[in-house]
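> based on what follows, work out the 3D shape:
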Amino acid sequence: MELAGKRLLVTGGAGTIGSHLAERLLDANDVIVADDLSNGRREWVPDSAEFVERDLTDPEGVEAALTGDVDAVIHLAAAKLVDTDSPRKQFEDNTAMTYNLLERAREVGVDRFAFTSSSTVYGEAPSPTPEDYAPLEPISVYGASKLADEHLLSVYAHTHGMRVWNFRFANIVGSRLRGAVVPDFIEKLREDPDTLTILGDGRQEKSYMHVEDCLDAMEHVIRNADAPLNTYNVGTRTTTSVTRIADVVSEEMGLDPDYEYTGGERGWTGDIPRMRLSVEKLAALGWTPENSSDDAVRRATRELVEEI
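Residues are numbered from 1 along each chain as shown. Next up is the predicted model:
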């Protein structure tokens, strides 16, 4: 699908990735942003986008946001905490939003649907992990909800004639990021420049990708992949450790703190200590990530130091 001259619904468009995506799509499209502002911020929604503040777990909220003149849905809205204190609500909310949107799309004749899934659907899989790895065994309710959503996408792609693009993200970083390791370190060092507490043992090793590269990859897949269900990993070929991220953040802030580790190989319940996605399927489609995980972290740190 070409991303020009379309009317597009971006759910979660007040959040980190969604707001950047909405900005980019507005260059050549009409964009509706639907968000309940539980994670995002109203000021991040581009002025030229149509904004609908709705709870998408409510079918009436979805009806207000998704009408028959929409050409495609790009669904980013989700309860994102991996270690949530309300796991049942997270699972029910995430699956309800996806089901409501898919069913409403079917009702009004919208047959293009993009979804942002997560590397957490793989669980603790060997690296680099390809899209056809099995069995998928998530270790967090967040990962389980994303996998359940993917199964719903499969039903609507194969039974109801939709074309679906499903993106399994690595760790996406950049401006407006909140509640993740880079902004967390910046905030901690602002409070105490001499000591930085690091969750786990600091050896957690994962792939990080800058949000602009992520959007490039998404756009390329939507334009070039045309199967009923198109599942692609979106990440880099490299990883970086939590301690290395602490080094980068400290360097960019001009600080030299002592590190204190909470211990254990996981930073929190449901944390996957090591993750690197295979991006060979994406490369075969003609798009290759150029920037390393370290590059992404450093660029994001510079952006976030300016705005936090």
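> tell me which residue of the protein is furthest from the middle?
Asp194 (32.1 Å; Cα atoms, centre = their mean).
> in contact with it, which residues?
Pro257, Asp258 (Cβ atoms under 8 Å, 6 or more residues apart in numbering). All C-beta spots, glycine's among them, are computed from the backbone N, C-alpha and C.
> gap between it and Phe185?
According to Cβ to Cβ, to the nearest Å, Asp194 stands 14 Å off from Phe185.
> that older thread, so how far is Gly286 from the residue farthest from the centre of the chain?
In terms of Cβ to Cβ, Asp194 sits 48 Å off from Gly286.
> now Asp192: how far from Val181?
Asp192 is 17 Å from Val181, by Cβ to Cβ.
> more neighbours: those two, which one.
The neighbour comparison of Asp192 against Val181 (other Cβ atoms under 10 Å) goes to Val181, with 21 against 10.
> I'd assumed Thr243 was in contact with the more buried one.
No: using Cβ atoms under 8 Å, Val181 is not in contact with Thr243; the gap is 10.9 Å.
> can you pull the buried residues of the helix or strand where Glu219 lies?
Using DSSP states H and E, Glu219 sits in helix 211-224. Neighbour counts over helix 211-224 (16 or more other Cβ atoms under 10 Å) mark 211-223 as buried.
> tell me the first helix or strand C-terminal of it.
Scanning onward from helix 211-224 (DSSP H and E), the first element met is strand 229-234.
> which strands and helices sit next to the following helix or strand past that next one?
Moving toward the C-terminus from strand 229-234, the next helix or strand (DSSP H and E) is strand 240-241. For strand 240-241, the packing partners by 3 or more Cβ pairs under 8 Å, 6 or more residues apart in numbering; DSSP states H and E come out as strand 205-206, helix 293-307.
> now these in JSON lines, with distance to Gly174?
Listed next are the helices and strands packed on strand 240-241 as JSON lines, based on distance: least, Cβ to Cβ, whole Å:
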{"stretch": "strand 205-206", "distance to Gly174": "16"}
{"stretch": "helix 293-307", "distance to Gly174": "5"}
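> so which of the ones you listed is nearest Asp35?
Asp35 lies closest to helix 293-307 among the helices and strands packed on strand 240-241, at 19.4 Å (Cβ to Cβ).
> compute the inter-axis angle for the closest one and helix 211-224.
Helix 293-307 and helix 211-224 are oriented at 120 degrees to each other (axes from the mean of the first three to the mean of the last three Cα atoms, to 10 degrees).
> give me the residues contacting helix 293-307.
173-177, 182-183, 186, 206-211, 213, 236, 238-240, 244-245, 248-249, 252-253, 291.
> and it, which residues are buried?
Applying 16+ other Cβ under 10 Å to helix 293-307 flags Ser293, Asp294, Asp295, Ala296, Val297, Arg298, Arg299, Ala300, Thr301, Glu303, Leu304, Val305 as buried.
> ok, stretch 81-88 next?
Leu81, Val82, Thr84, Pro87.
> state the distance from the nearest residue to the last one once chain neighbours are set aside to Val52.
The one in question is Pro87. Once flanking residues are discounted, Pro87 sits nearest to Val141: 4.0 Å by Cβ to Cβ, 6 or more residues apart in numbering. Here the criterion is Cβ to Cβ. By it, Val141 lies 28 Å from Val52.
> those two: which has the busier surroundings?
A count of neighbours by other Cβ under 10 Å puts Val141 above the other of Val141 and Val52, at 23 against 18.
> now stretch 69-81: average pLDDT?
Here stretch 69-81 scores 96 as its mean pLDDT.
> can you tell me what sits against that stretch?
Against stretch 69-81 from outside (Cβ under 8 Å, 6+ apart): 1, 6-13, 15, 17-18, 21, 32, 34-36, 38-39, 56, 66, 89-90, 93-94, 97-98, 101, 105, 108, 110, 112-116, 142, 145-146, 179.
> any residues touching the longest helix seen in the chain, and which ones?
If you go by DSSP state H, the chain has its longest helix at helix 87-108. Residues outside helix 87-108 that contact it (Cβ under 8 Å, 6+ apart): 11, 56-59, 62-63, 66-68, 70, 73, 75, 77-79, 81, 84, 110-111, 113, 115, 141-142, 144-146, 148-149, 152-153, 156, 160, 162.
> rerun that using 6 Å as the cut-off
56-57, 59, 62, 66, 68, 73, 75, 77-79, 84, 141, 145, 148-149, 152, 156, 160 (Cβ atoms under 6 Å, 6 or more residues apart in numbering).
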